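Visitor: fold the stuff below for me.
(chains A and B)
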Amino acid sequence: MAAEGHKLAIFRGLLKFKSNQQKIWGVLIFLSIVTTIEVALGIIKPEVLMSSFLRMKLLNWIFIILTIVKAYYIAWDFMHIRDERSGLKNAIVLPLVILIPYLAFILLLEADYIFDVMEAGFVAWDF
Amino acid sequence: MEVTTNASVEQTQVWGGGNKPLNASYGKMMMWFFIVSDALTFTGFLVSYGFSRFKNINSWPIADEVFTHFPFLHGIDAPMYYVALMTFILIFSSVTMVLAVDAGHHMNKAKVTFYMLLTIIGGAIFVGSQAWEWKNFIKGEYGALETRGGQILQFVNAETGKRAAIQEFALGIESDRATHQSYNGIWYQDEKALPNVSVAEVKKGFLADPSLVIRTQQLTEEGQKTVLTRDASLAKIDEAVGVVEGANLIHNEYGNRLFADFFFFITGFHGFHVLSGVVINVIIFFNVILGTYQRRGHYEMVEKVGLYWHFVDLVWVFVFTFFYLV
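Guide: Got it, this is the predicted structure:
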C-alpha cells in the first residue's frame, strides 16, 4: 500500500491532515484528550453524573462510550481500517460488533437475575 | 487443452492466487483473523468479569481504593494516576509503531529502526509497570479479617475515617505457634507461611482501641462501603476466622475473591500479550537492522506486527475502563 493511499480526514471530514504522519499525531492528541477526560472524571466523580440510567451510573455510560470512541480511532487510524476495502472492513468489524454486545447482554442479564435470587432467596450467603 | 491462451491466463490469475479481492496480503489477513478471534477471547474474560460483578453488585471492591500507589510517593493516596500513566505510555508506543509502519512505506530504514526501538522501550516500561502493580496488589496494604462465609472485614478509624492496618493495631500474644514444616510431621506435609499476626492478636488490639470500627464488603446506596458502629463491630469481629494480608487466587484482602482472580487473569493475559508483542517487536527490529525488509522490497512485516501491537493497546483501553474506571 503506497503512502498516497491513506485517507487523511477524520471526524467525518471535519479535520483534514496534510500527511499521514500529521494524522498520526493528531489522533494521538485526540486520544490523549479523551483519556485525560476519563481520568479526570474518574477522580472527581461529579455528583451530577452519579444518577442511574438504564440500571447503571451515568458516569459509567460515559466511560464506556469514550472507550468505544478511543477503540474506533485506534482501529481506524492506527490499524488502518479506514484504508481497507469495505469487504475486509466488514469481515473484521461486523463479527465483533454483533457478538460482543450479544454476549455482554445475555451474561449481564443472567448475572442480574442471579443477584436477585441471592438477594431475595431463602439461603444465607453470608454465614 | 483446447482453450485459447488468453482464457488460460485469466484462469491462473483467478485461481492461482493472483487475485486479491480484499486488497490485503495473505499474512495481513491472517493477522486480522487472529486479532478478531483474540478479541473474542478477551471479550470472554471481560464479560465474565462483568458477570461476576453484576452478580455481586452490592459488594464489589471499589477500584479507586485498591489501586492507590504511585512510584516514589509512599503513603500518598493516588488513585488511578499510575494506570493512567501506563495507558499513556502504551498509546504512545502505539504511535511510534504506526510511525514505524509509515516510515516503512517510504522505505526509510533508519526511521523504522528508530521508531521500532521506541516502541520496544514503551512496551518494556509498560510490562514493568504491570509487574509493579501486581507486586503492590499481592503484597496488600492494610490487611483484613475473613469470616467463615468468606466475607472480608476491614478496619477503619472512626475518628479520622482512615483505614487502619491490622499490623499496626494488633497486640502481641505470647504463643508457640510456628509455621509447620514438612520435616516435623509424620506425613511430610507443610503449611503456607503464617500471616504476621493472628486473629487473636488482631482481636486483642481491636478491643483495646475504642476508635476502631469494622468496614464490611457491602456497599451503601451511595456506593461506599458500609461502616459499622462500634457495638456492631464488636459483635462482628467474633465471626472472623482468618487473617488476610494481600491477595492471591484464594484470599483477597480487598473484598470479593473473584476480584483478585479476574485481576490476575485479565491483566495477566494482557501482560502476556504485551510481553510476546515486545519479543516479536525485538525480532522484527533485528530483521530491520539486518536489512531483511530492505532487500525484500517492502516493510509489510512491520505492518503486521504493528497490527498486533495496536490490538494490545486496544485491549488495554478496555481493560483500563472496566477494571479501573467503571
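
Visitor: excluding chain neighbours, what is closest to the residue of chain B found nearest chain A?
Guide: Nearest to chain A, among the residues of chain B, is B:F54, at 3.5 Å (CB to the nearest CB). C-beta here means a position set from N, CA and C on the backbone, and glycine is covered the same way. Using CB to CB, 6 or more residues apart in numbering or on different chains and skipping the chain neighbours, the partner closest in space to B:F54 is A:A111 (3.5 Å).

Visitor: ok, B:A158 next?
Guide: Per CB to CB, 6+ apart, closest to B:A158 is B:V213, 4.6 Å.

Visitor: break chain B into its domains for me.
Guide: Residue ranges for the domains of chain B, per automatic domain parsing: B:25-140+B:259-325, B:144-176+B:185-245.

Visitor: which stretch of helix or strand covers the most centrally placed residue in chain A?
Guide: Geometric centre of chain A, nearest residue: A:I68, 1.3 Å, by CA atoms, centre = their mean. Assigning secondary structure by DSSP states H and E places A:I68 in helix A:58-73.

Visitor: what residues sit buried inside the helix or strand just after that helix?
Guide: Sequence order places helix A:86-120 as the next helix or strand after helix A:58-73, per DSSP H and E. For helix A:86-120, a neighbour-count test (16 or more other CB atoms under 10 Å in any protein chain shown) marks A:88-89, A:91-93, A:96, A:100, A:103, A:107-108, A:111, A:114-115 as buried.

Visitor: grab the longest strand from chain B for me.
Guide: Ranked by residue count under DSSP state E, the longest strand found in chain B is strand B:212-219.

Visitor: any idea which helix or strand carries B:L153?
Guide: Counting by DSSP H and E, B:L153 is found in strand B:152-157.

Visitor: wait, what's in contact with B:V244?
Guide: B:140, B:143-146, B:152, B:195, B:251-253 (CB atoms under 8 Å, 6 or more residues apart in numbering or on different chains).

Visitor: compare the mean pLDDT across the domains of chain B and name the weakest.
Guide: If the domains of chain B are sorted by mean pLDDT, domain B:144-176+B:185-245 sits at the bottom with a mean of 86.

Visitor: ends of that domain, how far apart?
Guide: 6 Å (CA to CA, to the nearest Å).

Visitor: next one: that domain to chain centre, how far?
Guide: 27 Å (CA atoms, centre = their mean, to the nearest Å).

Visitor: quick check: what element follows the helix or strand of chain A with the lowest mean pLDDT along the chain?
Guide: Within chain A, judged by mean pLDDT, DSSP states H and E, the helix or strand with the poorest mean is strand A:9-10; its value is a mean of 78. Once strand A:9-10 ends, the next helix or strand along the chain (criterion: DSSP H and E) is strand A:15-16.

Visitor: the helix holding A:I68 and chain B in contact?
Guide: Yes. Counting by CB under 8 Å from any CB of the partner chain, contacts between helix A:58-73 and chain B involve A:60, A:63-64, A:66-67, A:70-71.

Visitor: just put these in TSV and tack on pLDDT.
Guide: Formatted as TSV, these follow (pLDDT from 0 to 100):
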residue	pLDDT
A:N60	91
A:F63	94
A:I64	94
A:L66	95
A:T67	95
A:K70	94
A:A71	94
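
Visitor: who wins for neighbours among those?
Guide: Within those, most neighbours by other CB atoms under 10 Å in any protein chain shown means A:K70, with 24 neighbours.

Visitor: my guess is it meets B:V315, correct?
Guide: No. Shown here, A:K70 and B:V315 do not form a contact pair, counting by CB atoms under 8 Å, at 11.7 Å.

Visitor: let's see the pLDDT reported for residue 3.
Guide: Reading this off chain A. Looking at A:A3, its pLDDT reads 44.

Visitor: to clarify, I was referring to chain B.
Guide: The score at B:V3 is 47. That number is its pLDDT.

Visitor: so who does the closest residue to chain B within chain A touch?
Guide: As assessed by CB to the nearest CB, chain B sits closest to A:A111 within chain A, at 3.5 Å. By CB under 8 Å, 6+ apart, A:A111 lies in contact with B:50-55.

Visitor: go on, A:K45?
Guide: A:L59.

Visitor: for it, what are phi and psi?
Guide: Dihedral pair for A:K45: phi 50, psi 70, per degrees, to the nearest 10.
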